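Engineer: Here is my input, please return the structure:
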Amino acid sequence: MRDAMRQDHRPLLLKNARLIDPSRGRDETGDLLMADGVIRDSGRGLGRPDGAETIDCAGKVVAPGLIDMRAFVGEPGASHRETFASASQAAAAGGITTIVCQPDTSPVIDNSATVDFVLRRARDTAIVNIHPMAALTKGLRGEEMTEFGLLKAAGAVAFTDAARSLMNTQVMRRALTYARDFDALIVHHTEDPHLVGDGVMNEGELASRLGLMGIPAAAETIVLERDMRLVALTRGRYHAASITSTDSLEVLGRAREAGLAVSASASINHLALNENDIGPYRTFLKLTPPLRTEDDRAALVAAVASGLVDVIMSDHNPQDVETKRLPFAEAEPGAVGLETMLPAGLRLVASGEIDLIALLRAMSTRPAELLGLEGGTLRNGAPADLVVIDLDTPWVLDPLQLRSQCQNTPFDEARFTGRAVRTIVGGRTVHEIL
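Structural biologist: Residues are numbered from 1 along each chain as shown. This is a model prediction of the structure:
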C-alpha cells in the first residue's frame, strides 16, 4: 500500500532550522522531530531519539508542505499531457506535498467511480498526496448538478467546472444551496464566455498594438458580482478560482465586509507576470484568464499579503508542443507551474512585496483550511508533509530539466534565488537536492 510505502517509521530530526508555521504565526529557530509519518515535536534543542536520522538544515526554512489547489493532471484520458506519476515528481521538486486535481478529464470526474479511480491511481503511482475536485455539473455542461453528497463521500474535496463558467444562474443558485447542506465548497472560474469571445489576451493598448483580440476585465468581474449576489441569497460557501483584476478585488472586498463565506485564489503567473511579458507573441504566456496590467498584478500581490486573496495556486496546465508552437491567437492557453510556484513566489518576497510567512500561508495553510485537508501546519500530530527551502541559492530554470511531461513554462531561462531542497511526504523524503 502507498501509505505504508511513504511512511518512514524511522524518526527523522531536522536540526538548526528556521521553523515557519503560518497556522500559528510562528517564525523561529529550532528543531523538528517526526516519526511514523507525523510531526512529534518542535522547538529548541530537541534530543535525538534512538535510531533517528538527523539532518542539519543549517538555517534553511522548514515549513508545511505546499498545497496546490488548482492543477490539471491528464489522467484519465490525457496521459500524454501529464500523469499522476509525472505531476507528483514535478510537485515534489517544487516543494508541493499535495495536489488538488481538476475534473476536466476524459471521462469527466462527475461520478463516484471516477473519483475512486483517481484516488486509487494516485495512490499507486504518485509520490505526493492527490485529491480530486469533482465536477460541479454533469459532463461540465452547465445544465444539471452532480451528486455532491455522494461525490464528497467518495473523496472529492470541492466542486468546480474547471475552466468553464457556469452561466445558468438558476443552476448556480441551486448548486450553492445544495452544497451548503453538505458544507461543500463551490470553486468557480469567473469568465463570461460571451465577453471573452475570440479574445486571447487582456483588452487594452498592448493588445491593440499587437493586433490581438482583447478580453476585458469586466468578463471576470460581471460573473463574480453575480456570484456574490447568489452567495448572499443562499449562504453557500464559494471560492473564486482565479482572480486577476483590481475591479474583482473590490467586489471580493465588499462581499467579505458583508460577512459572506467567500474566498479566492490567484495564480502565481498573475502575481509574478503582467501582459507586457508576452513580448514578441510568447505563447507560453497565453493563459486563461489572461495576464493583466502591472497595476492589476501589484494589487493582487497586496491582496494576498493582506489576506483578501486567500490562496496562491500554480494553475498547472501542461500543453504539448503541437498546441503551443502556433501563432498566438491559435495556441492553447495554459502553462506548467508545479515546479515554479514557490521560486516565483520567493521573487515577491525578495522584492519586499510580501513577507515569507504570508506567502507560505497562501500556499499551504489556507488551502488546507478551505478544503478541510490535514496539513498546512507544523503542530504536533500533523502529517509530516514538509518542505525545506534554501532562500539563498541562485539558479536558472532550464525547461528541459522540468519533471512535467510538458515544458510550456512562462519562466523559460528565468533567474531565481531560492528553491525547495527537500520535500517530505508522510515522513519520507521524496525530493532532495544535495
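
Engineer: In three-state terms, label the residue of the chain most remote from its centre for me.
Structural biologist: Going by CA atoms, centre = their mean, the residue of the chain most distant from its centre is residue 50, 38.0 Å out. Using DSSP: H, G, I helix; E, B strand; the rest coil, the structure places residue 50 in coil.

Engineer: State the distance from it to residue 108.
Structural biologist: For residue 50, the distance to residue 108 equals 51 Å [CB to CB, to the nearest Å]. To be clear about C-beta, it is placed using only N, CA and C from the backbone, and glycine gets the same treatment.

Engineer: Repeat that for residue 194.
Structural biologist: Distance, residue 194 to residue 108, by CB to CB: 23 Å.

Engineer: who has more neighbours, the two?
Structural biologist: residue 108 (21 against 10; other CB atoms under 10 Å).

Engineer: Could you confirm the more buried one falls within a strand?
Structural biologist: No. Counting by three-state DSSP, one finds residue 108 to be coil, located in no strand.

Engineer: Can you pull the phi/psi pair for it?
Structural biologist: phi -70, psi 150 (degrees, to the nearest 10).

Engineer: doesn't residue 139 make contact with it?
Structural biologist: Yes. Counting by CB atoms under 8 Å, residue 108 touches residue 139, with 5.6 Å between them.

Engineer: joint contacts of these two?
Structural biologist: Counting by CB atoms under 8 Å, 6 or more residues apart in numbering, residue 108 and residue 139 have no contacts in common.

Engineer: which residues of the protein score low on pLDDT?
Structural biologist: 1-9 (pLDDT under 70).

Engineer: hey, which helix is longest across it?
Structural biologist: Using DSSP state H, we find that the single longest helix of the chain is helix 218-234.

Engineer: Distance check, the residue farthest from the centre of the chain against residue 384.
Structural biologist: Going from residue 50 to residue 384 by CB to CB gives 18 Å.

Engineer: Then residue 210?
Structural biologist: 49 Å.

Engineer: For residue 212, which residues are in contact?
Structural biologist: So residue 212 contacts 200-201, 328-329 (CB under 8 Å, 6+ apart).

Engineer: can you check residue 327 too?
Structural biologist: Counting by CB under 8 Å, 6+ apart, residue 327 has contacts residue 281.

Engineer: tell me the secondary structure for residue 114?
Structural biologist: Classification of residue 114 using three-state DSSP returns helix.

Engineer: Check the burial of it by counting its neighbours.
Structural biologist: A count of nearby residues for residue 114, using other CB under 10 Å, gives 21.

Engineer: Skipping its backbone neighbours, what lies nearest it in space?
Structural biologist: Nearest residue to residue 114, sequence neighbours excluded (CB to CB, 6 or more residues apart in numbering): residue 107, at 5.9 Å.

Engineer: Identify the residues contacting the one you found.
Structural biologist: Contact analysis of residue 107 by CB under 8 Å, 6+ apart lists 76-77, 114.

Engineer: any idea which of those residues is the one closest to residue 214?
Structural biologist: residue 77 (32.3 Å; CB to CB).

Engineer: Help me confirm that that closest one is found in a helix?
Structural biologist: No. Assigned with three-state DSSP, residue 77 falls outside any helix and is coil.

Engineer: if we can go back for a sec, pull out the buried residues from the longest helix of the chain.
Structural biologist: By neighbour count on 16 or more other CB atoms under 10 Å, the buried set for helix 218-234 is 219-228, 230-231, 234.

Engineer: How far does the following helix or strand past it sit from its chain's centre?
Structural biologist: The helix or strand immediately downstream of helix 218-234 is strand 237-240, counting by DSSP states H and E. Counting by CA atoms, centre = their mean, to the nearest Å, strand 237-240 is centred 15 Å from the centre of its parent chain.

Engineer: Can you tell me the number of residues neighbouring the residue lying closest to residue 361 once chain neighbours are set aside?
Structural biologist: Nearest-residue entry for residue 361: residue 22, 3.5 Å, with adjacent residues in sequence omitted and distances by CB to CB, 6+ apart. Using other CB under 10 Å, residue 22 has 24 other residues around it.

Engineer: Good, wrapping up.
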